[in-house]
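A.B. asks: what follows is a predicted structure for the sequence shown.
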Amino acid sequence: MSGALRIDRVVTSGLFELDGGAWEVDNNVWVVGDDDEAVVIDAAHDAEPIVKAVGGRDVAAVVCTHGHTDHVTVAPRLGRELDAPVLLHSGDDVLWRMSHEGRSYRHLDDGHRIGVAGTELVAIHTPGHSPGSVCLHLPEAGALFSGDTLFSGGPGATGRSYSDFPTIIGSIRERLFRLPEETRVHTGHGDGTTIGSEAPHLAEWIARGH
């Protein structure tokens, strides 16, 4: 491993489109690695700042936490420009095809390990926000990349097609809240949080159907 393991954030802006609607959103794109290699988490809106953050490093994978338009916008382009496989859970194939019909990706399954910078990111299948949503756990750094499954203040939205509130609650309770409380949660939008900050509020979210 060359240099210390680090986590860089790139914020990009653009549209999230689903169910005939379109919303302006800011997305967090995460670049995880050392001086020589990296993994890109989510390919949102604009390739240039993501490529700049990679800075010529070898890219092991471009990982999509789910298939919504704002998280896969430039995934095929990044895959080509960075000579890296694009990974997505097959449960989100229908969403992927809304943006990239005819473009391929590699399947990202629960428990899949992605090696980078002498450590591994571990995929955790967390359906609910979408059928194929995944989070990525980086135990060495005490970090979780939650996509749109868990935010500061509650679970991701479940009011649109292909989403389900009881399912996302089950994913968070059974998969994410079993991680150490000090685990830092790097979210798909907005500010981060920790597992310990969010876990005490689960009953409140269920009661109000967040």
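C.D. replies: Looks like it arrived, so ask away.

A.B. asks: what about the closest residue to Arg106 other than its chain neighbours, distance to Trp30?
C.D. replies: If the residues on either side of it in the chain are set aside, Arg106 comes closest to Pro85, at 4.8 Å by CB to CB, 6 or more residues apart in numbering. Where you see a C-beta, it was placed from the backbone N, CA and C, and this is true even at glycine. Pro85 sits 17 Å away from Trp30, taking CB to CB, to the nearest Å as the criterion.

A.B. asks: who's more crowded, these two?
C.D. replies: A side-by-side neighbour count of Pro85 and Trp30, using other CB atoms under 10 Å, places Trp30 first with 25 against 16.

A.B. asks: what is that one paired to in the beta sheet?
C.D. replies: For Trp30, the beta-bridge partners are Arg9, Ile41 (DSSP bridges).

A.B. asks: so where's this protein shaky on pLDDT?
C.D. replies: For the chain, applying pLDDT under 70 flags the ranges 1-2, 210.

A.B. asks: and the helices in it, which stretches?
C.D. replies: With DSSP state H applied, the chain shows helices at 47-54, 69-72, 75-81, 93-100, 165-171, 195-198, 202-208, listed in chain order.

A.B. asks: now do the first one: which elements does it pack against?
C.D. replies: With contacts defined as 3 or more CB pairs under 8 Å, 6 or more residues apart in numbering; DSSP states H and E, the secondary structure elements packing on helix 47-54 are strand 6-18, strand 21-33, strand 37-41, helix 75-81.

A.B. asks: now those as TSV including distance to Glu174?
C.D. replies: Supplementary listing: those in TSV, determined by distance: least, CB to CB, whole Å:
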stretch	distance to Glu174
strand 6-18	26
strand 21-33	24
strand 37-41	22
helix 75-81	28
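
A.B. asks: which residues touch the closest residue to Ile195 other than its chain neighbours?
C.D. replies: The shortest distance from Ile195 to any non-neighbouring residue, by CB to CB, 6+ apart, is to Thr183 (4.4 Å). Under the criterion of CB atoms under 8 Å, 6 or more residues apart in numbering, the neighbours of Thr183 are His137, Gly142, Ala143, Leu144, Thr194, Ile195, Gly196.

A.B. asks: how close does Thr183 get to Glu140?
C.D. replies: Between Thr183 and Glu140 the distance is 12 Å, computed by CB to CB.

A.B. asks: these two touch, right, Gly111 and Leu121?
C.D. replies: No. With contact defined as CB atoms under 8 Å, Gly111 and Leu121 do not form a contacting pair (11.4 Å).

A.B. asks: show me which of the two is the more surrounded one.
C.D. replies: Between Gly111 and Leu121, counting by other CB under 10 Å, Leu121 is the more crowded of the two (27 against 9).
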